[in-house]
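Asker: attaching a predicted model along with its sequence, questions to come.
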Amino acid sequence: MNICVLHIILLLWVALISAVDRATAGCSFPQHTSENRKIEAKIQPLLGKRFRAEDVNKEYVYKIGICTDALDKTEFHDMENNKNIGVYQFKYTDGNLDPKDGHVVGRYNNTSMTQGTGWILLEYRDGEKYHTHCTQETRRARIMIICDEDVDVGSERINIFEENTNKTGECYYLFEMASSAACRTKPAVTFGLSLGSILVIVFVSVVFLYLLLGIAYQRFVLGAKGMEQLPNYSFWQDFGNLQSDGCNLVCRSGGSPQKPTFKGLGDDQLQEEDDRDDHLLPM
């Protein structure tokens with residue numbers, strides 16, 4: 001019984017340590033921090049995970065960590081400068097891994113990330129220097145994460161794709177991994193109504209209630225018949241004329257009546273003169 005309890009406590013402790021390591025996992029980006037942080041958040045399910053890859057000739061074994069230490073404490077031994085190792089290369093010696101015969105390929109405290117359609121490229125820099133080739137520059141590792149919706153998070157495998165050292169500069173180790181974490185998040189399909197649709201529904205409902213209640217009031221309370229049952233019938237009857245009058249007032253400009261430039265006799269005076277001439281007519 002005590003042994004079972006001890007095993008349970010040990011498992012819980014290991015799970016807690018793994019959760020803490022994963023929660024604190026993260027890369028450092030000396031350049032373009034904001035964009036790289038967005039990509040890092042996209043592959044959040046992969047952060048803190050460790051992978052193992054072998055080359056085709058089974059001469060080297062690579063330990064890879066996604067924004068975390070690739071090696072655990074038991075593999076450090078007397079290694080100098082063992083911090084922030086993202087990718088480490090072991091060499092087989094007599095069928096066994098020799099930690100003393102290996103190289104730091106890249107460190108995750110100097111990382112860059114780029115993305116495209118269906119892929120994310122994670123690059124570790126500041127590895128150990130080459131001895132004879134690539135102008136003795138520092139090693140770097142590139143991890144290509146390709147979108148594959150059929151590969152669930154947690155079941156990924158990583159492979160060494162290429163060791164590009166046949167160059168005079170910018171040599172790199174290229175790794176490839178398929179994961180659904182690199183796929184674009186599909187937008188959730190919603191079937192809600194837009195604001196315009198809601199306004200149209202409200203308007204139609206208000207008009208319907210206005211007509212229904214208005215006709216009922218006109219018919220059963222006021223006793224109206226025929227077209228007079230429509231609410232505010234006289235207003236709607238003159239509605240077109242009111243619109244026309246408003247248009248004439250706002251949109252049309254009529255000419256002002258011209259005032260006479262010569263002030264002569266008025267019509268009332270002419271009328272009086274005509275009246276004074278009436279006695280001259282023959283009787």
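Answerer: Noted; the coordinates are in hand. Nothing here was measured: the structure is a model prediction, and the numbers come from that model.

Asker: how long is stretch 211-228 from one end to the other?
Answerer: End-to-end distance of stretch 211-228 (CA to CA, to the nearest Å): 12 Å.

Asker: residues in contact with it?
Answerer: With contacts defined as CB atoms under 8 Å, 6 or more residues apart in numbering, stretch 211-228 is touched by 229, 230, 231, 232, 233. All C-beta spots, glycine's among them, are computed from the backbone N, C-alpha and C.

Asker: list the buried residues in that stretch.
Answerer: Using 16 or more other CB atoms under 10 Å as the test for burial, stretch 211-228 gives 218, 224.

Asker: for stretch 109-116, same thing?
Answerer: Neighbour-count burial for stretch 109-116 [16+ other CB under 10 Å]: 109, 110, 111, 112, 113, 115.

Asker: reformat the residues you listed as CSV; add pLDDT and distance to residue 139.
Answerer: Shown next, in CSV, are the buried residues of stretch 109-116 (pLDDT from 0 to 100; distance: CB to CB, whole Å):
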residue, pLDDT, distance to residue 139
109, 91, 15
110, 90, 12
111, 91, 14
112, 90, 15
113, 90, 18
115, 89, 23
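
Asker: among these, which are located in strands?
Answerer: Taking DSSP state E as the definition of strands, those contribute 109, 110, 111, 112, 113, 115.

Asker: hmm, residue 148 is touching residue 177, no?
Answerer: No: with contact defined as CB atoms under 8 Å, residue 148 does not count as touching residue 177 (9.2 Å).

Asker: who has more neighbours out of these two?
Answerer: residue 177 (24 against 16; other CB atoms under 10 Å).

Asker: what about residue 208, neighbour count?
Answerer: Residue 208 - counted by other CB under 10 Å - has 10 other residues nearby.

Asker: what does the domain assignment say about this protein?
Answerer: 23-182, 193-236 (automatic domain parsing).

Asker: mind listing the helices for this protein?
Answerer: 2-24, 33-42, 73-76, 195-220, 233-237, 239-250, 267-276 (DSSP state H).

Asker: confidence-wise, which of the ones you listed is weakest overall?
Answerer: Across the helices of the chain, helix 2-24 has the smallest mean pLDDT, namely a mean of 45.

Asker: number of nearby residues for residue 44?
Answerer: 13.

Asker: got JSON lines for the buried residues of stretch 109-116, with distance to residue 74 too?
Answerer: What follows is the buried residues of stretch 109-116, written out as JSON lines (distance: CB to CB, whole Å):
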{"residue": "109", "distance to residue 74": "22"}
{"residue": "110", "distance to residue 74": "25"}
{"residue": "111", "distance to residue 74": "25"}
{"residue": "112", "distance to residue 74": "30"}
{"residue": "113", "distance to residue 74": "30"}
{"residue": "115", "distance to residue 74": "35"}
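
Asker: tell me the one of these nearest residue 152?
Answerer: Residue 152 has its nearest neighbour among the buried residues of stretch 109-116 in residue 115, at 20.4 Å by CB to CB.

Asker: what's near enough to touch the closest residue to the closest one other than its chain neighbours?
Answerer: Closest residue in space to residue 115, ignoring its immediate chain neighbours: residue 39 at 5.3 Å, by CB to CB, 6 or more residues apart in numbering. Contact partners of residue 39, counting by CB under 8 Å, 6+ apart, are 113, 114, 115, 120.

Asker: let's see that with 10 Å instead.
Answerer: Residue 39 makes contact with 27, 29, 32, 112, 113, 114, 115, 120, 121, 122, 145, 182 under the criterion CB atoms under 10 Å, 6 or more residues apart in numbering.

Asker: the first one is in contact with residue 48, isn't it?
Answerer: No: proximity of residue 27 to residue 48 does not meet the contact threshold set by CB atoms under 10 Å, at 11.1 Å.

Asker: mutual contacts of those two, please.
Answerer: Common neighbours of residue 27 and residue 48 (CB under 10 Å, 6+ apart) are 66, 67, 68.

Asker: now do the same end-to-end measure for stretch 163-180.
Answerer: End-to-end for stretch 163-180, by CA to CA: 25 Å.
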